[in-house]
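Trainee: the sequence and its predicted three-dimensional model are supplied below.
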Amino acid sequence: VINREVIPEGEIQKEEGRLQFTSAWVDLNGGCNFQCEGCFKHMDKEQPAERLNLEQIKEIIDFVKTRSGESIAFAGQGEPLMDKDFWQVLDYIKKQGLESIVFTNGTLVKDKEGAEKLLTTGSVIVKRNTLNDGLQDKLVGVEGASKMIQHGLDVLLDTRREIEQKNEKHGILAIDTYIIKDNLGELPDLLRYCRKNNIVPYFEAFIELGQSKETVEKLGLTAEELTKTFLTLQKIDKEEFGIETPVIPNMRTYGQPVCNRGTHMFSVRTNGEVYPCVSAVSNPLGTIYDDEGTKKSLEKIFDPGNENLKKMFCAVCSKRVQKKYCQ
């Protein structure tokens, strides 16, 4: 539901000779108020000096709309709610008839006004690794972070309830966690919390792409361990909640289809570089920083004749479920 993986692996949809996209991932200011161990963007070490300005972001949104897009996602580089233009960007997305998908640590969701705007514009995915306050604080490197995250979640849950009482539409509320050795034993209770509160569990394999060998060895799971973790969660879903959650080969996020983002989405970084996926770390398709303007630059990058489009394939950012371990 969140990823909207609707286009077959390896195929880029075309309409009247133009490539079509379901969504774009946009990095905002790049700053973050956490220092998460294993952050795939290394936010605790590299604070990017660049940022996209409001007009550039609007042109990206316009481009996505012209290519049959449905949503704009904010994930990857920093905490999106820290960007000074964030709420204006959200307004523009809604004005253009698209939806937002906001990955946030939840600490800046402090009132119902902001929560309502987030939920009525699109989906909100709050990053939470565990319900254990001490471990949560340790994983993000900030004392008191767990209580701030939970406050943000509580505000979103209360606001969603009020929206539903008014019979108004709202987006999905989800919890995103990256699966590492440190929180492996915490996932069952986190899943139960999600199910009891009608929250989508977005539990994904630790992104190893761009990480040091030491970090991967310290935090990452083997494919066998990841598969067994998904099967454990699947059993809880079935036995305790009557939910049939498939575990299929090559999936990397529990309950979500096999990821093929690079075939129907693209990512724009704070430095203007364009990639086929939010997780990619090399081989950009091009840049929006040229003399032609953002929208025209994107049109040039995604011209079907552009040789760089051969880079639109999965960069294999993490471990995946392997068939031989599936039951």
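Mentor: Thanks, I have it. Residues are numbered from 1 along each chain as shown.
Trainee: going by C-alpha atoms from here, please, whenever you check contacts or count neighbours.
Mentor: OK.
Trainee: could you pull out the strands in the stretch 201-327 of the chain for me?
Mentor: 265-268, 273-275, 286-287 (DSSP state E, counting those that start in this stretch).
Trainee: so what's the nearest residue to residue 69 once chain neighbours are set aside up against?
Mentor: Distances taken as C-alpha to C-alpha, 6 or more residues apart in numbering place residue 22 nearest to residue 69, at 4.2 Å, with adjacent residues excluded. Residue 22 sits next to 4, 64, 68, 69, 70, 71, 264, 265 when contact means C-alpha atoms under 8 Å, 6 or more residues apart in numbering.
Trainee: what distance do you get for residue 22 to residue 162?
Mentor: Residue 22 sits at a distance of 30 Å from residue 162 (criterion: C-alpha to C-alpha, to the nearest Å).
Trainee: do the same with residue 287
Mentor: Applying C-alpha to C-alpha, the value for residue 287 to residue 162 is 42 Å.
Trainee: okay, these two: which has more neighbours?
Mentor: Counted by other C-alpha atoms under 10 Å, residue 287 and residue 162 do not tie: residue 287 has more neighbours, with 18 against 14.
Trainee: which ones are touching the more buried one?
Mentor: Listed by C-alpha under 8 Å, 6+ apart, the contact partners of residue 287 are 272, 273, 274, 297, 298, 301.
Trainee: which members of the residues you listed are classed as buried?
Mentor: The neighbour-count test (16 or more other C-alpha atoms under 10 Å) applied to the contacts of residue 287 identifies 272, 274, 297, 298, 301 as buried.
Trainee: show me which of these is closest to residue 216.
Mentor: residue 274 (25.9 Å; C-alpha to C-alpha).
Trainee: that closest one and residue 267 touch, don't they?
Mentor: Yes. Using C-alpha atoms under 8 Å, residue 274 is in contact with residue 267, at 5.6 Å.
Trainee: and the contacts of stretch 309-327?
Mentor: 10, 205-209, 221-224, 226-228, 231, 247-252, 260-263, 276-277, 279-280, 283, 285, 301-302.
Trainee: put the alpha carbons of it into PDB.
Mentor: Output of stretch 309-327 as PDB, limited to C-alpha atoms (Å, rounded to 0.1, in the frame of the first residue of the first chain):
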ATOM      1  CA  LEU A 309      18.300   5.300 -18.100                       C
ATOM      2  CA  LYS A 310      20.100   1.900 -18.400                       C
ATOM      3  CA  LYS A 311      21.000   2.600 -14.700                       C
ATOM      4  CA  MET A 312      17.300   2.200 -13.700                       C
ATOM      5  CA  PHE A 313      17.800  -1.000 -11.900                       C
ATOM      6  CA  CYS A 314      17.900  -2.300  -8.300                       C
ATOM      7  CA  ALA A 315      21.100  -1.500  -6.500                       C
ATOM      8  CA  VAL A 316      20.400  -4.300  -4.000                       C
ATOM      9  CA  CYS A 317      20.500  -2.100  -0.900                       C
ATOM     10  CA  SER A 318      19.900  -4.900   1.700                       C
ATOM     11  CA  LYS A 319      19.400  -8.500   2.400                       C
ATOM     12  CA  ARG A 320      16.200 -10.100   1.100                       C
ATOM     13  CA  VAL A 321      14.000 -13.100   2.000                       C
ATOM     14  CA  GLN A 322      15.400 -16.300   0.300                       C
ATOM     15  CA  LYS A 323      13.200 -19.000  -1.000                       C
ATOM     16  CA  LYS A 324      15.100 -21.800   0.600                       C
ATOM     17  CA  TYR A 325      14.300 -20.500   4.000                       C
ATOM     18  CA  CYS A 326      10.600 -19.900   3.300                       C
ATOM     19  CA  GLN A 327       8.100 -22.500   4.700                       C
END
